[in-house]
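# what follows is a predicted protein model with its sequence.
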Amino acid sequence: MGSESVQTTALRLWTIRVNEFQAHVSTLPIAGFNRGGRRRTTRPGTGMEETPFYANKQVDCQSALQTKETEELCMARPNILFILTDQQRFDTLGANGNEICRTPSTDRLALEGMNFTHAFTPTSLCSPARASLLTGLYSHNHTMTNLTNAPVSGVSDLPDHLVTYAMLLGDVGYRTGYVGKWHTGKNKSPLNWGFDDYRPGDGWHEWLPEGARLENESAIRLGYNRDKPMAARVSLPLKEYPELSRTDDAIAMIADYDADDIPFCLQLNYFGPHYPHYLPEPYYSMYNPGRIPPWDNFETRPAETHFGYRWLRDRWCAPTDEWSHYAEIMAIYYGQVTLLEHEIARVLEALDRFHSDRNTIVIFASDHGEMGGGNGLLQKGAVAYDELYRVPLIIRWPGRINAGTVCNQMVNLFDLMPTILEACGVDAPANLDARSILPLMLGATRVEWPDEVFCEYLACQAGDMALKMLRTKTHKLAINLSDTDELFDLKADPSETTNRINDPEYRLIRGKLVHRLKAQMERTDDPMLDQFLERMGAYFV
């Protein structure tokens, strides 16, 4: 069967499966999923309130870590400053080994807190990843699988019965604020999901004010509009760049909360370094493309490709396969990262100024990564490479987290939802897909922790396909509903260049991984389990 026939078949089958998934969603009880025999609380104000199963009480921290000190720490309610960037690779940080991109603020946070070296996003797409952060659920359970601004049918707002960490913090007296990018609902804002204050700020990713023009346009164009470049310089003063106003809004919120003398939780969401990279000076010219070497896997192309890879390669690649085109993008991408680092420094200085730094947990993370030329790809989509799924995560909690520590455990980004709640002394909803990483943060040694992460991609826009991934520190299994599955030996091949899915020497490893993937899908009540079991049937041993 030719590749065009495969693509057509994959799209037809995926459309059928999307319809099946939406039919599954329509059967869910309005009060919750009733997973494990329990009901989730409904959102206040919907007319469907019920007595919640959680008590909004102090968690039993002593039973978690068996120390009186930890219990006392959890009883004192800390502030939360959660800084989230968009589409930032794990390896952009100096703390994670980057010797080119300057990241002084996150380097500082790593020196003063804990750096998680194996953190992974539950899905490599903005809206569903952010919905997972809010709810602690995989996208197959919160049901937001597409971008909310995508021109396809799907869930444009989270279902009313879901509960966010902001709602639960508000119930115990926290003041909750949200600044910047939302992208987790078309008709509802953070104000509908437990946040008291919301300042979106001006602009979107594509910063091109009226009357301004783009200069030094990149050779690589936007996949959705070839008339526009992926990167360019905007000849406007730096002070007009929208990310600066988001920082200003965050600092103003911190000042308000400090004056009220009540605990607060502020989520600050920057739009960068998401494409298109339209930057002012000095950040546009901060890095020389000629000094950015190609990735180890830049010239690698899979021997067999699946539909998701082929579509990304066709839509987002450079005019020619020369690294100089990709280096041009990465240089400006790095400039955008450093700009945000300087903005983060302003927020951290504000915490110091208001004397809130000692009692504030600062979390830095990104919703997903960016291919940036790895395996010959740009952007994000239905591929399972670490460039997209491995994300930066650093947490500072003065006096609680030992400064300069590193956690190598496998954690999922949406684990932050129950973590924030537990750190603030609030019970998390039962039957979350996520689990609190507070024991890891506080250095617990007597804690059982899984040595794997389960991730997925369920968008149904052009070029997408259903994808499930099971990753350990040594191997990665990626199963899709298109044509070519993948198995990578990460110890021998950390750049994911050689697919071992049909290698007889990896038959037993493949068999163990599909059993573990099946167990994860069962644990999280994945409605696509039967379809993936059919797909994986030949892999079981």
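Perfect, thanks for sending it. Numbering: from 1, shown residues only.
# neighbours of Pro319, how many?
A count of nearby residues for Pro319, using other Cβ atoms under 10 Å, gives 9. No exception for glycine: its C-beta is placed from N, CA and C like everyone else's.
# ok, Gly113 - contacts?
362, 394-397, 401, 403, 405 (Cβ atoms under 8 Å, 6 or more residues apart in numbering).
# let's see which of these end up in strands.
Judged by DSSP state E, strands contain the following of these: 362, 394-396, 405.
# selection in PyMOL covering whichever of the residues you listed are buried, please.
Remark: buried members of the ones in strands among the contacts of Gly113, expressed as a PyMOL selection using 16 or more other Cβ atoms under 10 Å:
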select buried, resi 362+394+395+396
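# let's have the ones in strands among the contacts of Gly113 in JSON lines, adding distance to Leu191.
Putting the ones in strands among the contacts of Gly113 into JSON lines (distance: Cβ to Cβ, whole Å) gives the following:
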{"residue": "Val362", "distance to Leu191": "24"}
{"residue": "Ile394", "distance to Leu191": "29"}
{"residue": "Ile395", "distance to Leu191": "27"}
{"residue": "Arg396", "distance to Leu191": "28"}
{"residue": "Thr405", "distance to Leu191": "37"}
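# what is the nearest of the ones in strands among the contacts of Gly113 to Val337?
Distance to Val337 across the ones in strands among the contacts of Gly113 (Cβ to Cβ) is lowest for Ile394, with 14.0 Å.
# would you confirm that that closest one contacts Glu112?
No - Ile394 is beyond contact range of Glu112, at 9.2 Å (criterion: Cβ atoms under 8 Å).
# now the two most distant members of the contacts of Gly113.
So, those by Cβ to Cβ: farthest apart are Val362 and Thr405, at 14.6 Å.
# okay, helices next: where are they in the stretch 101-250 of the chain?
In the stretch 101-250 of the chain, the segments counted as helices under DSSP state H, counting those that start in this stretch are 104-112, 126-135, 139-142, 165-171, 242-260.
# out of the ones you listed, flag the one nearest Asn412.
With Cβ to Cβ as the measure, helix 126-135 is the member of those nearest Asn412 (8.5 Å).
# what's that closest one in contact with?
Helix 126-135 is contacted by residues 84, 86-87, 121-123, 137-139, 142, 144-148, 158, 162-166, 182-184, 193, 274, 367-368, 413-414, 416-417, 432, 434, 458-459 when judged by Cβ under 8 Å, 6+ apart.
# low-confidence ranges, the protein, go.
For the chain, the stretches with pLDDT under 70 are 1-75, 153, 462.
# before we move on, back to that, and the contacts of Gly113, which is closest to Lys239?
The closest of the contacts of Gly113, once distances to Lys239 are taken by Cβ to Cβ, is Val362, at 25.4 Å.
# so of the contacts of helix 126-135, which ones are in strands?
Going by DSSP E, the strands hold Leu84 from those.
# narrow the contacts of helix 126-135 to just the buried residues.
Buried subset of the contacts of helix 126-135 (neighbour count, 16+ other Cβ under 10 Å): 84, 86-87, 121-123, 137-139, 142, 144-148, 158, 162-166, 182-184, 193, 274, 367-368, 413-414, 416-417, 432, 434, 458-459.
# which residues does Leu421 contact?
Listed by Cβ under 8 Å, 6+ apart, the contact partners of Leu421 are 59, 165, 168-169, 427-428, 436.
# and which of these is nearest Leu513?
Checking these against Leu513 with Cβ to Cβ, the nearest one is Ser436 at 25.9 Å.
# which residue packs closest to Gln524, ignoring adjacent ones?
Just so we're on the same page, residue 524 is Thr rather than Gln. Asp433 (4.9 Å; Cβ to Cβ, 6 or more residues apart in numbering).
# ok, that neighbour - contacts?
Contacts for Asp433 were tallied using Cβ under 8 Å, 6+ apart; they are 122, 136-138, 141, 414, 523-524.
# now it: how far from Arg523?
Distance, Asp433 to Arg523, using Cβ to Cβ, to the nearest Å: 8 Å.
# where does the residue lying closest to Val447 once chain neighbours are set aside fall, secondary structure wise?
Counting by Cβ to Cβ, 6+ apart, Val447 lies nearest to Pro439, which is 4.4 Å off, once chain neighbours are set aside. Using DSSP states H and E, the element containing Pro439 is helix 438-441.
# run a quick neighbour tally on Ile292.
Counted with other Cβ under 10 Å, the neighbours of Ile292 add up to 21.
# so what's it up against?
Residues counted as contacts of Ile292 (Cβ under 8 Å, 6+ apart) are 100, 327, 330-331, 334.
# any chance of the backbone angles for Arg390?
Dihedral pair for Arg390: phi -80, psi 120, per degrees, to the nearest 10.
# and it, bridged to which residues?
Phe120 (DSSP bridges).
# tell me how many other residues crowd it.
Number of residues near Arg390 (other Cβ under 10 Å) recorded here: 21.
# now do the same contact list for it.
Applying Cβ under 8 Å, 6+ apart to Arg390 gives the contacts 90, 118-120, 369.
# let's see it at 10 Å
Contacts for Arg390 were tallied using Cβ atoms under 10 Å, 6 or more residues apart in numbering; they are 89-91, 96, 117-121, 368-369, 453, 471.
# what is the nearest of the residues you listed to Pro302?
Arg471 (17.8 Å).
# so the closest one touches Glu452, yeah?
Yes - using Cβ atoms under 10 Å, Arg471 is in contact with Glu452, at 6.4 Å.
# neighbour count winner among those two?
More crowded of Arg471 and Glu452, by other Cβ under 10 Å: Arg471, with 25 against 18.
# so what's the more buried one closest to, chain neighbours aside?
Leaving aside its sequence neighbours, Arg471 sits nearest to Val453 (Cβ to Cβ, 6+ apart; 5.3 Å).
# give the contact list for Thr272.
You called it Thr, but residue 272 is Gly. Gly272 is in contact with 85-88, 181, 205, 207, 241-243, 279, 283, 333, 335-337, 339-340, 343, counting by Cβ under 10 Å, 6+ apart.
# quick check, central residue of this protein?
By Cα atoms, centre = their mean, the chain has its centre lying nearest to Asp367, at 2.3 Å.
# just read off the phi/psi values of that residue.
phi -70, psi -30.
# the residue lying closest to it once chain neighbours are set aside: how many residues sit nearby?
Spatial nearest neighbour of Asp367, chain neighbours left out: Ala129 (4.3 Å); criterion: Cβ to Cβ, 6+ apart. Per other Cβ under 10 Å, the neighbour tally for Ala129 reads 25.
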